[in-house]
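# Structure for this input, please:
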Amino acid sequence: MAVIYSTHPLHPRAADMLSAGGDLRIASALDAATLIRDSRDADVIIVRAPLPLEIFAGDHCIHAAIRHGAGLDMIPVEAATRAGVLVANVPGVNARSVAEHVIFASLALLRRFRAMDADLRACGWLAGRDHANLTHELAGRTIGIIGMGAVGREVARIAHGGFGMSVVGNSRSGKGFPDFVRPASMVELVAQSDLVVLACPLTQETTGLMNRQRIAAMKPGAILVNVSRGPVIDDDALIEALREGRIAGAALDVFSTQPLPLDHPYFGFDNVIVTPHMAGITEESMMRMGIGAAEEALRVLAGQLPVNLRNPEVVPAYRCRFQS
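Predicted structure coming up:
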């Protein structure tokens, strides 16, 4: 019986699908030694945690590593390709969840929700209500979205269609812009936007993308929202800007160090919303991601290639290794 190894428990519908097609095993821990040891006889691995390089070396016989979601930074794709292992993902299925989180966090900052709620509870009705005069609407503002993939496009659609916002966007490929999104350079986008949303993948080019210079170029009343990956932001530069009041706030769902240490400076700002890398996690999105990953796993076990194969150059080596 084929062995399907998952770093995390899966949605019940996905688990049922995989259990019907093989022996589904869930990682007992996420440290490198455990993942390497417990995946040794796996045919397919479903990924929601960073994989060590050693999984794709030695006597492992993994046919495919399938990302439970879109971002591939948890999979050492080059090592997998060298080993003749297919890499696949499930793109776009949590875009709505992430986009709704962007809007929710932006509204919470503009309406001073954290400070209002704290003062209402601690000091009473009038203290909480006093914040209202300093709050703002989304309508009529400009949102700048860096990364026009599934998440970026969904944020743009909701912002424009639901809130009447002007939308500017930036994409490495220069493609993927809906008609209502105005393409802009990074310089233009940062300078013109009331909300700057990071929705790009983590690559060498995007690491440190929001550096000291770009953060300094943001409007004084602007908000920075990161649903990309933590290293896209220069943390020291953002903390400095927040301390000096040079931007209005930030909503951060991802961090360079995860879990985020409880003594991290981000926890000390009333105008920073911190969430534990959960923008894309809802019951609905977990079902969609789980089913999508399960479908890809079952395709591989049936001798087919994944629909969302991300390293197509591996196919000759894969077929030589597993199908000859």
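# mind listing what residue 175 touches?
Residue 175 makes contact with residue 148 under the criterion Cβ atoms under 8 Å, 6 or more residues apart in numbering. Where you see a C-beta, it was placed from the backbone N, CA and C, and this is true even at glycine.
# Can you give me the pLDDT of it?
For residue 175, the pLDDT comes out at 83.
# How about residue 59?
pLDDT at residue 59 comes out at 76.
# I'd like the distance between the spatially most central residue of the chain and residue 146.
The centroid of the chain falls nearest to residue 228 when counting by Cα atoms, centre = their mean (4.7 Å). Per Cβ to Cβ, to the nearest Å, residue 228 is found 8 Å from residue 146.
# Please apply the same query to residue 52.
Distance from residue 52 to residue 146, by Cβ to Cβ: 30 Å.
# same check, this time on residue 56
Distance from residue 56 to residue 146, by Cβ to Cβ: 31 Å.
# my read: residue 30 touches residue 7, true?
Yes - applying Cβ atoms under 8 Å, one finds residue 30 in contact with residue 7, separated by 6.4 Å.
# Can you work out which residues contact both of those two?
The contact sets of residue 30 and residue 7 overlap at residue 49 (Cβ under 8 Å, 6+ apart).
# between the two, which one's more packed in?
For residue 30 versus residue 7, the count of surrounding residues by other Cβ atoms under 10 Å is larger for residue 7: 22 against 12.
# how about stretch 152-164: buried residues?
Using 16 or more other Cβ atoms under 10 Å as the test for burial, stretch 152-164 gives 152-160, 163.
# same question, stretch 39-59
Buried residues in stretch 39-59 (16+ other Cβ under 10 Å): 39, 42-48, 51-52, 54-56.
# wait, which of those is closest to residue 249?
Taking Cβ to Cβ as the measure, residue 249 lies nearest residue 48 of the buried residues of stretch 39-59, at 29.4 Å.
# Surely that closest one touches residue 7?
Yes - with contacts counted by Cβ under 8 Å, residue 48 reaches residue 7, the gap being 4.9 Å.
# on that earlier part again, tell me the contacts of the residue nearest to the residue nearest to the centre of the chain when sequence neighbours are not counted?
Closest residue to residue 228 apart from its sequence neighbours, by Cβ to Cβ, 6 or more residues apart in numbering: residue 198 at 4.1 Å. When contacts are counted by Cβ under 8 Å, 6+ apart, residue 198 is found next to 146-147, 209-210, 224-228, 232-233.
# mind redoing it with 6 Å?
By Cβ atoms under 6 Å, 6 or more residues apart in numbering, the contact set of residue 198 is 146, 226, 228, 232.
# Quick check, the second one in contact with residue 252.
Yes - using Cβ atoms under 6 Å, residue 226 makes contact with residue 252 at a distance of 5.1 Å.
# More neighbours: which of these two?
Counting neighbours by other Cβ under 10 Å for residue 226 and for residue 252 shows that residue 226 has the greater number, 25 against 22.
# Please list all residues in contact with that one.
Taking Cβ under 6 Å, 6+ apart as the test, what residue 226 contacts is 198, 233, 252, 254.
# Show the pLDDT at residue 232.
pLDDT recorded at residue 232 is 98.
# do you know how far it is from residue 213?
15 Å.
# of the two, who's got more company?
residue 232 (24 against 11).
# Pretty sure that one sits against residue 205.
No - Residue 232 is beyond contact range of residue 205, at 10.2 Å (criterion: Cβ under 6 Å).
# domains for this protein, by residue range?
3-91+283-322, 95-274 (automatic domain parsing).
# chain center to the shortest one, what's the gap?
The chain centre lies 18 Å from the centre of domain 3-91+283-322; the measure is Cα atoms, centre = their mean, to the nearest Å.
# Quick one: residues contacting residue 167.
143, 156, 159-160, 181.
# What about these, which are in helices?
Residues of these located in helices (DSSP state H): 156, 159-160.
# What is the nearest of those to residue 303?
residue 156 (39.5 Å).
# by contact count, what packs against the strand or helix carrying residue 108?
Taking DSSP states H and E as the definition, one finds residue 108 inside helix 95-110. Counting contacts by 3 or more Cβ pairs under 6 Å, 6 or more residues apart in numbering; DSSP states H and E, helix 95-110 is packed against helix 150-163, strand 223-226.
# I am finished for the moment; much appreciated.
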